[in-house]
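Chemist: Here is my input; please provide its structure:
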Amino acid sequence: MLELVVFDVDGLMLDTESVWKKAFDKAGDKYGIQNMGSTLFPKLIGKSGRDEKEVLDRYLSSDIQELVIQEWERIGYGMLEKEVPVKPGLIEILDFLDAHHIKKAVATTTRRELTEDRLKRVGVYDRFDYVLCGDEVINRKPDPEIYLSVLKKMNTDARNALVLEDSVVGVEAAYRAGIDCIQVPDIIAPTDVQKKQTVYTAKDLMEARDYIKENRV
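Modeler: Reported below is the predicted structural model:
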């Protein structure tokens, strides 16, 4: 029986990835590099630390790398200060889970300050029973730590939980935690690996809701 649904944030509930993609295009244009949003940004999604630096080193020369990243962050954060876009179907799936008394949690690699601010600005922060952020765990996705921590906090068996994720690393984290996962792909299309690691691939949160309605409630 489904007791808990765990949501990722960026790229799943909030359409922030498209904002950062546009910001990369604009930052690249400033330094004469075309289509960075399509060529570079997808390769950085889910990366951290050394892996991210290796990607940047392959695509940007050392003399402009820091300048491009600073410009990208300036543009991206500026855009998100003006508006935090919400993914279609978010309110509908939250309403559906509330109607069926299913608990809801958040597991995001984004730090708490930004997570709280953005979820509160779109009016959904208080709709979750628990929120766990990237600066509150040791290991980032695809490590399963964040999902295992949510299960422990919510006193829920993995068999009675479901994860909603958009990214490759998020799907793998849920898979390694032993939790069924619905992928709602954002910028990066799922591969055969993600299809094997998930129970369903939905085009949006409305379709994810319909799958839960038909198969888990």
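
Chemist: So which elements touch the lowest-mean-pLDDT helix or strand in the chain?
Modeler: When the helices and strands of the chain are scored by mean pLDDT, DSSP states H and E, helix 49-59 comes last with a mean of 83. Helix 49-59 sits against helix 41-44, helix 62-82, with contacts defined as 3 or more Cβ pairs under 8 Å, 6 or more residues apart in numbering; DSSP states H and E. C-beta coordinates here come from the backbone N, C-alpha and C atoms, glycine included.

Chemist: The nearest residue to residue 217 once chain neighbours are set aside: neighbour count?
Modeler: Nearest non-adjacent residue to residue 217, counting by Cβ to Cβ, 6 or more residues apart in numbering: residue 100, 5.4 Å away. Residue 100 sits with 12 neighbouring residues when counted by other Cβ atoms under 10 Å.

Chemist: What separation is there between residue 100 and residue 67?
Modeler: 50 Å (Cβ to Cβ, to the nearest Å).

Chemist: same question, residue 116
Modeler: Applying Cβ to Cβ to residue 116 and residue 67 gives a distance of 31 Å.

Chemist: remind me which residues of the chain are low pLDDT?
Modeler: 46-49 (pLDDT under 70).

Chemist: if you set the cut-off to 80 instead, what comes out?
Modeler: Where the chain drops to pLDDT under 80, the residues are 46-51.

Chemist: re the thing from before, relative to the whole chain's centre, how far out is the least confident helix or strand of the chain?
Modeler: Per Cα atoms, centre = their mean, to the nearest Å, the displacement of helix 49-59 from the mean C-alpha position of its chain is 20 Å.

Chemist: what sits up against it?
Modeler: Applying Cβ atoms under 8 Å, 6 or more residues apart in numbering, the contact partners of helix 49-59 are 36, 39-40, 43-44, 47, 65, 69.

Chemist: Mark which of these are buried, thanks.
Modeler: 36, 40, 43-44, 69 (16 or more other Cβ atoms under 10 Å).

Chemist: closest to residue 26 among those?
Modeler: Checking those against residue 26 with Cβ to Cβ, the nearest one is residue 36 at 8.9 Å.

Chemist: quick one: contacts for that closest one?
Modeler: Going by Cβ under 8 Å, 6+ apart, residue 36 touches 24-25, 27-28, 59, 68.

Chemist: Thanks a lot, see you next time.
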